[in-house]
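K.L.:
give me a model of this one.
(one chain, ligands or ions: 1)
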Amino acid sequence: MSAELSPIDKAKFVAARRAADFVEDGMRVGLGTGSTAAWLVRCLGEMVRENGLRIRGVPTSSRTASLARDEGIEVITLDEARWLDITIDGADEFDGALNLIKGGGGALLQEKIVATASDRMVVIADAAKEVAHLGAFPLPVEVVPFGWRTTEALVAEALESMDVMGRETALRMNGTEPYVTDEGNYILDLRLGRIGNARQLALVLNQMPGVVENGLFIDICDTVVVGHGDGRLELRDINAGTVTEDRVDFADNENLFRDLGE
Ligand SMILES: O=C(CO)[C@H](O)[C@H](O)COP(=O)(O)O
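P.N.:
Prediction:
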């Protein structure tokens, strides 16, 4: 059955399957958004249904909330949980220091709030997400709709003095309308090519009126699980400074591929 998955989907599954093992009975778990995080939610759902795992999940988007409920995972709000044991989420890019670009799926604001409120943040990613320098993936910046053109102009002006390769900005669209986040905001995608100083850029962006949050996750991620299409994976832990190799056996997980049409 696993032959139906593309190599990239297999790699995402491998990372998600291994990261699910970090989740223990009784934990409050931040549930990320995106296709890799969806695998994680399916893995956890199976552990809930088949192994009696008791967890409470805090989803980072309405999409993830709906999938988690469908999978039989108890869903609570961050205000109910207050603090989380672990958050597991995907990423658009990660570098050697485990700094990230997130928000390709438009959920960066809730994702950053949830990850920051967690003892541990684990990123699950296929190997193609690893970069030497952040910035090839357009950096999402969530802005309030009021005066967004002015905010975009301010962002563009600020980029002039930043160490970046490109400076193009674009309002994310959903067909002919602006894309609207779960919090009712818009997203500007910044095509920067290469970000010289991600920490500085994140601070500058967040100081601007109209900017709600940016997709740079600096010093938030503790562990990245990098999956490969052949079942191999690496666990990179920034605190321990370790890289551990492991693998996931597809034959042990065939039941998880049943609902591929989703
Ligand atoms: O940040 C995100 C959503 O806002 C996602 O984690 C990111 O876009 C990766 O998505 P995928 O797992 O589908 O590649």
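
K.L.:
what helix or strand is Ala202 located in?
P.N.:
Counting by DSSP states H and E, the element that carries Ala202 is helix 198-206.

K.L.:
for that helix, give me every contacting residue.
P.N.:
Applying C-beta atoms under 8 Å, 6 or more residues apart in numbering, the external contacts of helix 198-206 come out as 99, 134-135, 139, 141, 155, 158, 162-164, 195, 211, 213-214, 216, 218. (Glycine included, C-beta is placed from N, CA and C.)

K.L.:
just the mean pLDDT for it, thanks.
P.N.:
Averaging pLDDT along helix 198-206 yields 98.

K.L.:
got the residues of the stretch 51-200 of the chain near the ligand?
P.N.:
Proximity of the stretch 51-200 of the chain to the ligand, by C-beta under 6 Å from any ligand atom, involves residues 89-92, 102-108, 111.

K.L.:
and those, which of them are in helices?
P.N.:
Within these, residues falling in helices by DSSP state H are 108, 111.

K.L.:
save the residues of the stretch 51-200 of the chain next to the ligand as JSON lines, and put in pLDDT too.
P.N.:
Shown next, in JSON lines, are those (pLDDT from 0 to 100):
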{"residue": "Asp89", "pLDDT": "98"}
{"residue": "Gly90", "pLDDT": "98"}
{"residue": "Ala91", "pLDDT": "98"}
{"residue": "Asp92", "pLDDT": "98"}
{"residue": "Lys102", "pLDDT": "98"}
{"residue": "Gly103", "pLDDT": "98"}
{"residue": "Gly104", "pLDDT": "98"}
{"residue": "Gly105", "pLDDT": "97"}
{"residue": "Gly106", "pLDDT": "98"}
{"residue": "Ala107", "pLDDT": "98"}
{"residue": "Leu108", "pLDDT": "98"}
{"residue": "Glu111", "pLDDT": "98"}
